[in-house]
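# Have a look; sequence and predicted model below, questions after that.
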Amino acid sequence: MNFFNTYFARLLILSSLLFVFPVTDALAGRCAEDIKRIDEAIKNQYGGNGAWWEWFACPVCLGSELKKDAVVTKEQIRDISSKRNLASLLERDKQEQMCVKLLEGPKRQLKVN
């Protein structure tokens, strides 16, 4: 009977703590948002003539040049792109903290909040 009381008390305390402090990850979804912001920032670094087909294609693939007021160089964009790809793999593997930490540098280079 003592075992049952101890087990029941532990179960009761644990379940009450789960209701008071729900188990949530503070970083959940932050990596995906950072990747989206980095993608938009990279796209904004390239200029174009505003043709309709540029809405459906990657500006880098079309061979467009960087804008004159771009904040990064092409070499930096290659580095940022490789880190972004690694971050998407980390996000897929549910490693949010590593993903967020990996994207700190590219966000700083692209001046993304």
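Thanks, I have it. Numbering: from 1, shown residues only.
# What number of residues are in the vicinity of Ala87?
23 (other Cβ atoms under 10 Å). The way it works is simple: take the backbone N, C-alpha and C, and place the C-beta from them, glycine included.
# try Asp34
Asp34: 22 neighbours (other Cβ under 10 Å).
# ok, now which ones touch it?
Shown in contact with Asp34 (Cβ atoms under 8 Å, 6 or more residues apart in numbering): 87, 99-100, 103, 107, 112.
# Highest neighbour count among the residues you listed?
Neighbour-wise, those (other Cβ under 10 Å) top out at Leu103, 25 neighbours.
# any weak-confidence spans in the chain?
Across the chain, residues meeting the criterion (pLDDT under 70) sit at 1-5, 7-28, 47-64.
# separation between the residue nearest to Leu103 when sequence neighbours are not counted and Glu65?
Nearest residue to Leu103, sequence neighbours excluded (Cβ to Cβ, 6 or more residues apart in numbering): Asp34, at 4.7 Å. Asp34 sits 26 Å away from Glu65, taking Cβ to Cβ, to the nearest Å as the criterion.
# Quick one: end-to-end length of stretch 96-110, please.
21 Å (Cα to Cα, to the nearest Å).
# same check, this time on stretch 100-113
End-to-end distance of stretch 100-113: 13 Å, with Cα to Cα as the criterion.
# Would you mind pulling the contact partners of that stretch?
27, 30-31, 34-35, 37-38, 41-42, 45, 71-72, 76, 79-80, 83-84, 86-87, 90.
# Out of these, which end up buried?
30-31, 34-35, 37-38, 41-42, 45, 72, 80, 83-84, 87, 90 (16 or more other Cβ atoms under 10 Å).
# Please list the members of these that lie in helices.
30-31, 34-35, 37-38, 41-42, 80, 83-84, 87, 90 (DSSP state H).
# Return the closest of these with respect to Thr6.
Arg30 (40.0 Å; Cβ to Cβ).
# Surely the closest one is in contact with Glu91?
No - between Arg30 and Glu91 there is no contact under Cβ atoms under 8 Å: 9.7 Å.
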